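A.B. asks: Give the three-dimensional model of this entry:
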Amino acid sequence: MTRIGLTASSEFEALLYAEATKLWDAEIDLFLPNMDGLAKQRLRRLDGLLVTGGEDISPNLYDQAIDPLAGVHVNELRDSMEFPIVQAALARDIPILGICRGMQVLNVVLGGRLIQDLPGHKELGNALESESAFHRIWVSPGSKLAAVLGSGGRVRVNSRHHQGLREAQKSSELIASAYSVEDSIIEALESPKHHLVIGVQCHPERVKEVPRQFQRLFQVLVSEANGGRRI
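C.D. replies: Have a look, this model is predicted:
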């Protein structure tokens, strides 16, 4: 069975992501904070990697001090576990899907930065049952993300983040493949140098809050990890 590594802050926070991925016959290998000593060894047996949502990334990792007015909540144990795993997964060129924080991790690992607070955006924090905000994004036709979803154009998605990035903060090694219609915040990233490395800012694991075609992100992650078709 295809083995997908899943990084999260806790087993509870991993549940929705694991359920969405298991629908496509994947075995989940959970990576949690405090596991950094074993993470690299376990990475060798993975076929793909899912990097999930969660707390803010420490600004120290992109050479900034924490803005005291930005409401930043970091999990340095998760940072220290997750960043080496993502770096190693990129080096191996195994399929990677990043969701919310996971998209931001991809950007920072590859040399990008973040905006520490976006006024008017929904902050998740620890309120896992809080209501999502919603907005419209533009998915670039011709992108890998559009190929996965089946089309480009405008779609309505959920929003549960208070940090993000625009072109000025984007890694030069990534391509932006979706934008917020309202404020040009980047809503998806992908790597042109890898077979399948995609990050999305929305939360497709919350299946009732996004269009049905977003479930194909999990399907294609597992398919690619299993040696399936190339996007």
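A.B. asks: May I ask which helix or strand of the protein has the lowest mean pLDDT?
C.D. replies: helix 36-43 (a mean of 71; mean pLDDT, DSSP states H and E).
A.B. asks: Now the element after it, going C-ward?
C.D. replies: strand 48-51 (DSSP states H and E).
A.B. asks: What strands line up against that following strand, and which way round?
C.D. replies: Strand pairing for strand 48-51, determined by DSSP bridges: strand 2-7 (parallel), strand 96-99 (parallel).
A.B. asks: Pretty sure Trp138 sits in a helix.
C.D. replies: No. Looking at Trp138 with DSSP: H, G, I helix; E, B strand; the rest coil, it is strand, so not inside a helix.
A.B. asks: Need the winner for burial among the strands paired with strand 48-51.
C.D. replies: Counting by mean count of other Cβ atoms under 10 Å, strand 96-99 has the highest mean neighbour count of the strands paired with strand 48-51, with a mean of 28. Glycine gets a C-beta too; all of them are placed from N, C-alpha and C.
A.B. asks: Could you pull up the mean pLDDT of it?
C.D. replies: For strand 96-99, mean pLDDT rounds to 98.
A.B. asks: okay, the angle between whatever helix or strand comes next after it and strand 2-7?
C.D. replies: Once strand 96-99 ends, the next helix or strand along the chain (criterion: DSSP H and E) is helix 101-109. When axes from the mean of the first three to the mean of the last three Cα atoms, to 10 degrees is applied, the directions of helix 101-109 and strand 2-7 differ by 80 degrees.
A.B. asks: So what's the gap between helix 101-109 and the chain middle?
C.D. replies: 7 Å (Cα atoms, centre = their mean, to the nearest Å).
A.B. asks: Residues touching it, excluding its own?
C.D. replies: Helix 101-109 is contacted from outside by 7, 50-57, 61-62, 82-83, 86-87, 90, 96, 98, 113-114, 161, 163-165, 169-171, 174, 188-189, 191, 197, 199-201, using Cβ atoms under 8 Å, 6 or more residues apart in numbering.
A.B. asks: Just the buried positions in it, please.
C.D. replies: Residues of helix 101-109 classed as buried by neighbour count (16 or more other Cβ atoms under 10 Å): 101-109.
A.B. asks: Now do the contacts for Asp67.
C.D. replies: Taking Cβ under 8 Å, 6+ apart, we find Asp67 in contact with 59, 116-117.
A.B. asks: run the last query once more with 10 Å
C.D. replies: By Cβ atoms under 10 Å, 6 or more residues apart in numbering, Asp67 lies in contact with 59, 115-117.
A.B. asks: Cool, thanks, signing off.
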